[in-house]
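Asks: quick one: sequence plus predicted model below, questions after.
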Amino acid sequence: MPHILTRSLDRRATIFLAIVATVGVLLPLSNLLLPDTSMLHVPTYLMTLFGKYVCYAVLALSIDLIWGYCGILSLGHGAFFALGGYAMGMYLMRQIGTRGVYADPVLPDFMVFLNWKSLPWYWQGFDMFWFAALMVVLVPGLLAFCFGWLAFRSRVTGVYLSIITQAMTYALLLGFFRNDFGFGGNNGLTDFKDILGFNVQAEGTRAALFALSCLALAISFLICRAVVGSKLGKVLIAIRDAESRTRFLGYRVESYKLFVFTLSACIAGIAGALYVPQVGIINPGEFAPGNSIEAVIWVAVGGRGTLIGAALGAVAVNYAKTVFTSGVLAPYWLFMLGALFVLVTLLLPKGIVGTWNAWRDARQATSLSEDARSAAFEDGAVKPHMAE
Amino acid sequence: MNALDTRKTSAMLYLDGVHVSFDGFHAINNLSMTIAPGEMRAIIGPNGAGKTTMMDIITGKTRPDSGDVLFDGVTDLTRLDETQIAELGIGRKFQKPTVFESQTVEDNLLLALNVDHRVRSTLFWQDSRADADRIDQVLEIIRLTGARRRLAGNLSHGQKQWLEIGMLLAQDPKLLLVDEPVAGMTDVETHQTAELLKTINRDKTVVVVEHDMTFIRELGVRVTCLHEGSVLAEGTIDQVSANERVIDVYLGR
Ligand SMILES: Nc1ncnc2c1ncn2[C@@H]1O[C@H](COP(=O)(O)OP(=O)(O)O)[C@@H](O)[C@H]1O
Ligand SMILES: [Mg+2]
């Protein structure tokens, strides 16, 4: 185990983790301890907003793991995020108890409203946090496993795979919209009261949720790094670059894709679960195909196949979205997002961090080879290289 | 023959009456061929003769419409997929050099190593002395020791061909299928490749497709000429190149 960790932590990864840790600790502290009048005080609304971005960053990581390293372009990852969110939402609904409008001790308000007499079987157990937490990972993971098993075994790749992932999230969108599906229909799940006994609205809880989101980002990042830094990571890249060649070497490509796709869906589910208590609602809109596409754009902008870029891209694009959609430019946001995607694809195909890394690596390589040459020269070891 | 021996043939590779058609076009037409264990066989023939398609059939990329393809006397290759066939010990070098361009030369070899290829063992794989030695050894053989940390995509065409042969060596198969290994190589490189294949043939069965007649002569092995998906002639290079029909369809007068 230790060697997996050391192997996955290079300088860039360490800096990234240090930043995530610093933000994860300092922001909540400033929110809780500093007086409102202080310049450095972070207001609660801002902390919650950043908390949302951090959850998006975790989702972006999960997309980058499969797209950047294994070439699987999922345009339905929002579905796994939303399923994790719904699992958490169900727990939060069951915590409301008699404080709901209809004051039913067991049934959430929307079920009373629909004249349901008892809790459907799939709502059982969600009053227990550990069970809900398990489902946050298990449900997206299981869906991804079944979906992937069918798709990868039939060798569905490229655009076709992207299209069926869109179809998957769209089908879930339609399902969750229906009242008789049992997840609150159009309105989704909301009016949460508390989580593990703490008021979800309280500043302390919000600060804790923010810190936990940063922790989730750090852990997801470490997991992804460990995976891509292992020999399995090299196999993933091999599959991305030359899938059939990889088969001829004796690798069962579909098993590798299935593993990484399922892992990625689990991470996306965790992101969704942390997102829901912070925004206070989960509704079928989260399954909208457009959401999944937006998430892919974050990764493209930040730089696919870099992990750090995916996380930064998610934060940067969403920050821009917040700024623009709250001003006069609001109606044009989608056009700007589209333009951003086109510009990045044309001008910075490696994304922001990918381009930066390439530039740094190139500089390092030149200075290294210059060092090597001058060192060798001093040793008198330089001979003109003979073609054999 | 031993009564318990279920082998249908003593051949390493046995093709009998194989047919493949693509949308009605008969790419392989009643193709039969036998490669003995330890043999090296050269396959020649005009473009479109079906040489690459034959390798596709052996390696599970293309399923024949009919006919038998047996490996090692017992294994019916037409029932297996690419991964299973590779695990049996059949390695392949493609006509267009196919290496993992965005990875280093040594990582290409590491990926090719003949080890447990299952997900879990790959995830928890650790560097070992034995693997490192094997990689060093292959690098030495393919003369890429100095380029081990370079990206495979930055190699010259000839070096890529060699890297792919190196990947075959790392894979350590029983049977090597080598499709046009010297295309785009200089004369010196071609000569070195012939030497390399001869060395490999000391303990492995090799099937090599090539157009370069000088190269084929240098190998000095039995030659099969394919034409329109079936065997036109077979024998020593002198017999085959003296064959009237081979001259007509392939060598030219
Ligand atoms: N997948 C395919 N679909 C259709 N036609 C094919 C396919 N693969 C090969 N062919 C055809 O089969 C014939 C044999 O091709 P190939 O085996 O590549 O020839 P060679 O390697 O001897 O030059 C060619 O006419 C080629 O166009
Ligand atoms: Mg060919």
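Replies: Here it is on my side, so go on. Ligands and ions are numbered 1, 2, ... in the order given.

Asks: what is the one helix or strand A:L346 maps to packed up against?
Replies: According to DSSP states H and E, A:L346 maps onto helix A:333-347. Packing partners of helix A:333-347 (3 or more CB pairs under 8 Å, 6 or more residues apart in numbering or on different chains; DSSP states H and E): helix A:289-302, helix A:308-325. Any C-beta I mention is one placed from the backbone N, CA and C, and that applies to glycine too.

Asks: what's the most buried one of the ones you listed?
Replies: Greatest average neighbour count among the helices and strands packed on helix A:333-347 goes to helix A:289-302 (a mean of 23), per mean count of other CB atoms under 10 Å in any protein chain shown.

Asks: tell me how far the helix holding A:L346 lies from the chain's centre.
Replies: Computed by CA atoms, centre = their mean, to the nearest Å, the chain-centroid distance of helix A:333-347 equals 21 Å.

Asks: where do the strands sit along the stretch 51-200 of chain B?
Replies: Ranges of strands in the stretch 51-200 of chain B, per DSSP state E, counting those that start in this stretch, are B:66-71, B:75-76, B:90-93, B:175-179.

Asks: about what we covered before: select, out of the helices and strands packed on helix A:333-347, the one closest to chain B.
Replies: Closest of the helices and strands packed on helix A:333-347 to chain B is helix A:308-325, at 16.2 Å (criterion: CB to the nearest CB).

Asks: quick check: which of the helices and strands packed on helix A:333-347 is nearest to ligand 2?
Replies: Ligand 2 lies closest to helix A:289-302 among those, at 37.1 Å (CB to the ion).

Asks: for the closest one, which outside residues touch it?
Replies: Here helix A:289-302 makes contact (CB atoms under 8 Å, 6 or more residues apart in numbering or on different chains) with A:56, A:59-60, A:63-64, A:67-68, A:73-79, A:81, A:165-166, A:169-170, A:173, A:285, A:308-314, A:316-318, A:337, A:340-341, A:344-345, A:351-353.

Asks: just the C-alpha atoms of the helix holding A:L346, please, in PDB.
Replies: Provided in PDB are the C-alpha atoms of helix A:333-347 (Å, rounded to 0.1, in the frame of the first residue of the first chain):
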ATOM      1  CA  TRP A 333     -24.400  32.000 -20.800                       C
ATOM      2  CA  LEU A 334     -25.100  28.900 -22.800                       C
ATOM      3  CA  PHE A 335     -23.700  30.600 -25.900                       C
ATOM      4  CA  MET A 336     -20.600  31.500 -24.000                       C
ATOM      5  CA  LEU A 337     -20.200  28.000 -22.700                       C
ATOM      6  CA  GLY A 338     -20.500  26.700 -26.200                       C
ATOM      7  CA  ALA A 339     -18.000  29.200 -27.500                       C
ATOM      8  CA  LEU A 340     -15.600  28.400 -24.700                       C
ATOM      9  CA  PHE A 341     -15.800  24.700 -25.600                       C
ATOM     10  CA  VAL A 342     -15.100  25.400 -29.300                       C
ATOM     11  CA  LEU A 343     -12.300  27.800 -28.500                       C
ATOM     12  CA  VAL A 344     -10.600  25.400 -26.100                       C
ATOM     13  CA  THR A 345     -11.000  22.500 -28.600                       C
ATOM     14  CA  LEU A 346      -9.400  24.600 -31.300                       C
ATOM     15  CA  LEU A 347      -6.800  26.600 -29.500                       C
END
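
Asks: what angle do helix A:308-325 and it make with each other?
Replies: Using axes from the mean of the first three to the mean of the last three CA atoms, to 10 degrees, the inter-axis angle of helix A:333-347 relative to helix A:308-325 is 150 degrees.

Asks: between helix A:289-302 and helix A:333-347, find me the angle.
Replies: Using the same axes, to 10 degrees, helix A:333-347 lies at 40 degrees relative to helix A:289-302.

Asks: which of the residues in helix A:333-347 are buried?
Replies: A:333, A:337, A:341, A:344 (16 or more other CB atoms under 10 Å in any protein chain shown).

Asks: can you put those in JSON lines and add pLDDT?
Replies: Formatted as JSON lines, the buried residues of helix A:333-347 follow (pLDDT from 0 to 100):
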{"residue": "A:W333", "pLDDT": "89"}
{"residue": "A:L337", "pLDDT": "90"}
{"residue": "A:F341", "pLDDT": "89"}
{"residue": "A:V344", "pLDDT": "90"}
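
Asks: around chain B, which positions in chain A sit nearby?
Replies: For chain A, the contact set with chain B under CB under 8 Å from any CB of the partner chain comprises A:3-4, A:227, A:230-232, A:234-235, A:237-238, A:241-242, A:244-253, A:255-256, A:259, A:387-388.

Asks: if we use 6 Å, what do you get?
Replies: A:230-232, A:234-235, A:238, A:241-242, A:245, A:247-252, A:255-256, A:259 (CB under 6 Å from any CB of the partner chain).

Asks: which of those fall in helices?
Replies: Counting by DSSP state H, those place A:231-232, A:234-235, A:238, A:241, A:245, A:247-248, A:255-256, A:259 in helices.

Asks: quick one: low-confidence residue ranges for the chain.
Replies: Unless you meant another one, I'm taking chain A. A:1-7, A:368-388 (pLDDT under 70).

Asks: I was thinking of chain B, sorry if that wasn't clear
Replies: Within chain B, the stretches with pLDDT under 70 are B:1-8, B:253.

Asks: most centrally placed residue in it?
Replies: B:L177 (1.0 Å; CA atoms, centre = their mean).

Asks: pretty sure it sits against B:R92.
Replies: Yes. B:L177 is within contact range of B:R92, at 4.6 Å (criterion: CB atoms under 6 Å).

Asks: can I get the buried residues of helix A:333-347 in TSV including distance to ligand 2?
Replies: Putting the buried residues of helix A:333-347 into TSV (distance: CB to the ion, whole Å) gives the following:
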residue	distance to ligand 2
A:W333	52
A:L337	46
A:F341	40
A:V344	39
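
Asks: and which of those residues is nearest to ligand 1?
Replies: Ranked by distance to ligand 1 (CB to the nearest ligand atom), these are led by A:F341 at 34.9 Å.

Asks: which residue, other than its chain neighbours, is closest to the closest one?
Replies: Spatial nearest neighbour of A:F341, excluding adjacent residues (CB to CB, 6 or more residues apart in numbering or on different chains): A:I297 at 4.9 Å.

Asks: who in chain B is up against ligand 1?
Replies: By the rule CB under 6 Å from any ligand atom, the part of chain B lying against ligand 1 is B:22, B:27, B:45, B:47-53.

Asks: those also near ligand 2: which ones?
Replies: For ligand 2, the contacts drawn from the residues of chain B next to ligand 1 by CB under 5 Å from the ion are B:51-52.

Asks: state the pair within the residues of chain B next to ligand 1 that is farthest apart.
Replies: Using CB to CB, those reach their maximum pairwise distance at B:F22 and B:G45, which is 17.5 Å.

Asks: give me the more crowded residue out of those two.
Replies: B:G45 (24 against 10; other CB atoms under 10 Å in any protein chain shown).

Asks: for the more buried one, list the residues it contacts.
Replies: With contact set as CB atoms under 6 Å, 6 or more residues apart in numbering or on different chains, B:G45 has these partners: B:51, B:225-227.

Asks: chain neighbours aside, what residue packs nearest to it?
Replies: The nearest residue in space to B:G45 (CB to CB, 6+ apart) is B:L226, at 3.7 Å.

Asks: hmm, the host helix or strand of the one you found touching ligand 2?
Replies: B:L226 is part of strand B:222-227, with elements assigned from DSSP H and E. No. Strand B:222-227 is not in contact with ligand 2 by CB under 5 Å from the ion; minimum separation 10.2 Å.

Asks: just checking: what are the partner strands of the following helix or strand past that strand?
Replies: Counting by DSSP H and E, the next helix or strand C-terminal to strand B:222-227 is strand B:230-235. Using DSSP bridges, the strands paired with strand B:230-235 are strand B:222-227 (antiparallel).

Asks: got a list of contacts for the partner strand?
Replies: By CB under 6 Å, 6+ apart, strand B:222-227 touches B:41-45, B:49-51, B:231-234, B:237, B:240, B:246, B:249.

Asks: that's all I had, so thanks and see you.
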